[in-house]
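K.L.:
sharing a model prediction with you, sequence too.
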Amino acid sequence: MLWTAGIFGGLIAAVALFLLFVDWNALRGPIGRYASGRLHREVVIAGDLQVRPWSWSPSATVNGLRIGNPAWAGPGPMAQIDRLMVQIRLPALLRGHVDIMQVRADRPDVRLKRDAQGRASWDFSDGREKQPPMRLPPIRRFIIEDGHLRMEDAQRKLTFTGTISASETLGAANRGFQLSGDGALNRAPFHLRVTGGPLLNVDRARPYPFDADIRAGATRIVARGDVPKPFDLGQLRMSGSATGPDLADLYDLTGVTLPNTPPYRLSARFVRNERTYRFEGMTGRIGDSDVAGTMTVDTSGARPKLDAQMASRSLDFDDLATVFGGAPKTGPGETASPQQVAIGRQMAAQQRLFPDATLKVDRLRAMDADVTYRAASIRDAPIPLRSGSVKLNLDRGLLTASDLKMDLPKGSIAGVVRLNARGATPVTDLDLRLSGARLEQLIPVMDGQTPLTGALVARVKLRGTGDSVHRAASTADGQAVVLVPGGEIRRAFAELLGVNVVKGLGLLLSKDQQTTPIRCAVADFRAEGGVLRADNIVFDTGPVVGVGAGVIDLRNERVDLRIKGKPKKAQLVRVIAPVTVSGPLSAPKFGVETDKAIAQGGLAVALGALATPIAAILPFVDPGLAKDAACGSLVANAAQHGAPVKTAAR
C-alpha cells in the first residue's frame, strides 16, 4: 500500500510540475497536428496558447485559431477565430461529466461551402459516413463578439453573408443570440434572421427558445420553437407557418421534392428527432383547396424518404393543373401566382391544353416517397366528379400513382399512371378506365331535358416519352376507346351541338318523345407518334348507322372527326350530310357538311362496320360487355346478315 501510494503521489506530483512549468506554446504544433487528424483538415494555432489549470474552474485561451478547408473546397480557411476561450468546472469533470461554464469567441469568421455533389466543408467525417447532428455539452455562458458567417451552397444554389452575436448584454425582447444576414437562393433574394434566448445561465434541463424568420423571394417561413436540451441540435421543436407562390420552391430550402402548386398558406408543428423530421397537424390552403395531414422525412438512408397522409375536404379541380406545369384558372375569385397567370394567358392564346414545363428529373431521383391523398369533394371539374383518392410511390426516380380513383355521381374513373425518370428520357405510362357512368350525368341539361341517356364506358392506355406533358403526349402510342352499350338520343342533342345532327345523320325521332334508341356506339382510336387515329367510329340507332373516322393530333392539339349516316331503310331523301368535329382540343367546333352528298349504304355493310370494331374492342374495355344485350347482340345480328365480323384474339 505504501508503494502504491508513493507511485500514485509521484504521478500526481509529476503532472503538477508539468502543468506548472510547461511551455504551452511549445504544444501548439502537437495539438494542431492531433486536431488536424481528427477533423481531416489543417488546424493551426498561430497565436499564444494560454492555460490556467490551477482552479476549480480551469480555462484555456487559444489565440489565432485557423481551421482549413478540405482539399476539394480549395485553399483558404473554413474558420478563423481571433480569440477562443473555454472554461469548465473541474468537479464535474472528475465525476465524468463535461460542464462548460463559459465559451467566448472574439471575431469568428466562418466560411462554409457545399459543392453540387453534396460534399460539405462542415462535414468532418471525411465522407465515409453521415455526420450526426451537432451535439455539444451544455454551455452556461456563450459569448460571440463580432461574428461573421458566409455560405456558398452549389447544391441549393444559395449564397449567404451574415453576422452572429451572442452578448452578455441582452437585447430587445430579452434576446441574447442573433444570426442575421442576406444573400440569394436560386437567384431570388434571401433573408435569414434567427434570434434566441439569452445564453447566460443556460440550464440543461430547461428548453432553449428561439424564433426564426426566413424569406426566399416570395416564400416566407416564420417559426417559434425550442431546443429541448440546449446545444443538442439532434432534437428540435417548433410551430410555424409557410407562405409562398409554389410549394416546389421549398426544395431549395429543404431538399424535399414537392409538387408544383398554386400559392399556398400552411401551418404545422415541426419536430426533429436525430435524422427524422416530422410535420404534425398540418393545415392550410393550397390555391383554392383546403389541405390537412402529416408528413415525415427520414434522412438516415441513401436518399431522403417522405411519408405523408394528406386530405382535402374540398378540392378545386383546376388547382391540379399546376402539378403538371400548367396554371389554375385566373378569373375573379381564383388563386394563382403572377407566373402562373402568365402561363395561363400564353396557353389560352395558343389554344393549348398540354403544358411544356420541363420535369425536374434530378429532384425525382433525389428522394423516395410514399404519399396517400384523398379529396372528400371535388368542385369546378369539367365533368361532375364527386371525390377522389390516390397513392403515390416514388422509388429511385420511378413515380407510380396507383389506386387512382375519381368518383362520379354514378361510376368512376380508375387506373394507374407511372412516370419512369430513371433513364435519360422520362417515360410515362397511363391506363385509365371509365366504368359505370351515365351519359345523362355527364352532358349538360338543355331546356330541362338531357340530350343523351345511357351507359358509358371507356379506356385509355397510352405510353409517351418526354420530359414534359406536351412532349410525352406528342410521342404517345396506344389505344383509346369510348363505348355506349345502349341508350337514347333526343332532339336536344342538336341544340346542344349547335347543328342539326337529326338532319345531318338522318335520325328519325318518334313524334311523342322526340327520341330514338341508341343500340350501341363506339369510337376506337389507335395512337402512334402522338396521333390518335379512328378508322371506325360507329353510332347505331334504330333507323340509322353513323359511321365515321378521323384523327386527334396530340402534337398540335387539334381534332378532325367526320361521321356520316347510313339509313337502314329506303327513304325518299337519299342524301345525308356528314357531321364534323374539328378545331383545337381546347375548343372544338361541331358542324354539318351541307355541300357534300353521301349515298345510302346497305344494311349488311352498315352492321359490318359497327360489329367488327365492337367485337375487337369489347375485351379491351370490359370483357363483361360482350354479354350485353345491346352491343353483344349486334355482333350476332351482323353475322346473320352476312356482314364480316372479326373477333378479338385471346
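P.N.:
It's in.

K.L.:
ranges for the helices of the stretch 201-350 of the chain?
P.N.:
According to DSSP state H, counting those that start in this stretch, the stretch 201-350 of the chain carries its helices in the segments 251-254, 338-349.

K.L.:
so which of these is nearest residue 116?
P.N.:
Nearest of the helices of the stretch 201-350 of the chain to residue 116, taken as C-beta to C-beta: helix 251-254 at 13.4 Å. Just so you know, the C-beta spots here come from the backbone N, C-alpha and C atoms, and that holds for glycine as well.

K.L.:
could I get that closest one in PDB with only the CA atoms?
P.N.:
The C-alpha atoms that make up helix 251-254 are tabulated as PDB, following Å, rounded to 0.1, in the frame of the first residue of the first chain:
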ATOM      1  CA  TYR A 251     -36.900  22.300 -52.500                       C
ATOM      2  CA  ASP A 252     -34.100  24.800 -52.400                       C
ATOM      3  CA  LEU A 253     -34.600  25.300 -48.700                       C
ATOM      4  CA  THR A 254     -35.400  21.800 -47.500                       C
END
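
K.L.:
picking that back up, in a markdown table, list the helices of the stretch 201-350 of the chain along with mean neighbour count, distance to residue 101 and mean pLDDT.
P.N.:
Formatted as a markdown table, the helices of the stretch 201-350 of the chain follow (neighbours: other C-beta atoms under 10 Å; distance: least, C-beta to C-beta, whole Å; pLDDT from 0 to 100):
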| stretch | mean neighbour count | distance to residue 101 | mean pLDDT |
| --- | --- | --- | --- |
| helix 251-254 | 17 | 36 | 86 |
| helix 338-349 | 15 | 53 | 89 |
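
K.L.:
for residue 484, which of those helices is the nearest?
P.N.:
Set against residue 484 and scored by C-beta to C-beta, the helices of the stretch 201-350 of the chain come closest in helix 338-349, at 31.4 Å.

K.L.:
ok, residues contacting the closest one?
P.N.:
245-246, 262, 322, 326-330, 336, 353, 355, 357, 586 (C-beta atoms under 8 Å, 6 or more residues apart in numbering).

K.L.:
would you list these in TSV and tack on pLDDT and distance to residue 548?
P.N.:
Formatted as TSV, the contacts of helix 338-349 follow (pLDDT from 0 to 100; distance: C-beta to C-beta, whole Å):
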residue	pLDDT	distance to residue 548
245	94	45
246	94	43
262	95	39
322	91	36
326	88	31
327	87	34
328	88	35
329	86	33
330	81	36
336	90	39
353	89	23
355	91	30
357	90	35
586	85	22
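
K.L.:
and the helices of the stretch 201-350 of the chain as JSON lines, adding distance to residue 39?
P.N.:
Formatted as JSON lines, those follow (distance: least, C-beta to C-beta, whole Å):
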{"stretch": "helix 251-254", "distance to residue 39": "28"}
{"stretch": "helix 338-349", "distance to residue 39": "44"}
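
K.L.:
relative to residue 220, which of the ones you listed is closest?
P.N.:
helix 251-254 (10.8 Å).

K.L.:
residue 482 bridge partners, please.
P.N.:
On the basis of DSSP bridges, residue 482 is bridged to residue 458, residue 523.

K.L.:
quick check, it in contact with residue 455.
P.N.:
No: applying C-beta atoms under 8 Å, one finds residue 482 not in contact with residue 455, separated by 11.7 Å.

K.L.:
drop anything exposed from the contacts of helix 338-349.
P.N.:
Neighbour-count burial (16 or more other C-beta atoms under 10 Å) applied to the contacts of helix 338-349 gives 245-246, 262, 322, 326-330, 336, 353, 355, 357.

K.L.:
quick one: contacts for residue 183?
P.N.:
By C-beta under 8 Å, 6+ apart, the contact set of residue 183 is 151, 158-162, 190-192.

K.L.:
among those, which pair sits farthest apart?
P.N.:
Longest span within the contacts of residue 183, C-beta to C-beta: 151 and 191, 13.5 Å.
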